[in-house]
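Chemist: Dropping the sequence and predicted coords here.
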Amino acid sequence: MLNRWTALVVISLYLISCQDQTNKKNYQLPAIEGNAINVIVEIPAGTNTKIEYDAEKGTFEPDQVDNKDRVVAFLPYPGNYGFIPSTMMDAEQGGDGDALDVLVIGESLPTGSVLQAMPIGTLILKDGGELDTKIIAVPVNESERTLQVDNFLTLMLEHDPAKRIIEEWFLNYKGRGQMELIRWEDENFAMQEIKKWSTANE
């Protein structure tokens with residue numbers, strides 16, 4: 001019985017180790033592949049718990065405030081929220097020191113999911129006096145899209161209510177008056193931002 005228990009523990013630790021390595025490997029994926037970007041999902045669409053990737057551990061952990069999981073006291077996330085691997089917004093260049101944020105519009109995906117997406121716009125905000133850039137994207141696979149959009153003009157002209165929902169959500173998810181809208185930019189600007197902050201340029 002003891003041998004079985006020991007074997008189970010060893011196998012469990014091995015699987016956890018493999019998962020950590022996989023997550024670390026995913027973090028090192030290129031930001032851009034062809035015309036698509038890679039995205040790693042931290043927070044599934046339709047949920048409120050703030051989850052962040054720990055690059056050192058290779059794990060996804062709930063963000064903590066006063067030793068409690070941070071929960072967004074607003075409507076659930078309107079898309080799958082995560083980051084673009086192999087990007088880093090250098091603080092010396094005006095960034096926040098983190099990977100570039102991205103919201104992928106589509107059905108809910110589990111934390112840790114890796115998908116290819118297509119940028120359709122850029123929402124530029126000010127958070128506590130610092131610029132905060134959010135890349136807005138859709139899955140590359142059209143069958144996985146909830147909005148048949150592949151550029152910012154189509155988003156504005158045919159899906160303006162969705163655009164306004166995304167904007168209002170980001171302006172209010174931290175509380176009224178905490179975030180300031182600077183402007184929207186298109187998909188070309190989004191790709192320029194991704195290239196700007198890509199660690200492949202180092």
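Modeler: Nice, thanks for sending it over.
Chemist: Please tell me how far the residue positioned nearest the centre of the chain sits from Arg176.
Modeler: Nearest residue to the geometric centre of the chain (CA atoms, centre = their mean): Gly82, 1.5 Å. With distances taken as CB to CB, to the nearest Å, Gly82 is found 25 Å from Arg176. Backbone N, C-alpha and C define where each C-beta goes, glycine included.
Chemist: ok, back up a step: would you mind giving the secondary structure of the residue nearest to the centre of the chain?
Modeler: At Gly82 the chain is in strand, as set by DSSP: H, G, I helix; E, B strand; the rest coil.
Chemist: partner residues bridging it?
Modeler: Following DSSP bridges, Gly82 is listed with bridge partners Val41, Val102.
Chemist: List the residues that contact it.
Modeler: Residues in contact with Gly82 (CB atoms under 8 Å, 6 or more residues apart in numbering) are 39-43, 53, 101-102, 104.
Chemist: List the strands paired with the longest strand along the chain, with their directions.
Modeler: Secondary structure assigned by DSSP state E gives strand 114-127 as the longest strand of the chain. Strand pairing for strand 114-127, using DSSP bridges, gives strand 36-43 (antiparallel), strand 130-139 (antiparallel), strand 179-185 (antiparallel).
Chemist: I'd like those written out as a markdown table, with distance to Lys163 added.
Modeler: Converted to a markdown table, the strands paired with strand 114-127 look like this (distance: least, CB to CB, whole Å):
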| stretch | distance to Lys163 |
| --- | --- |
| strand 36-43 | 19 |
| strand 130-139 | 8 |
| strand 179-185 | 8 |
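Chemist: closest to Ser108 out of these?
Modeler: Distance to Ser108, taken as CB to CB, is lowest for strand 36-43 among those, at 9.1 Å.
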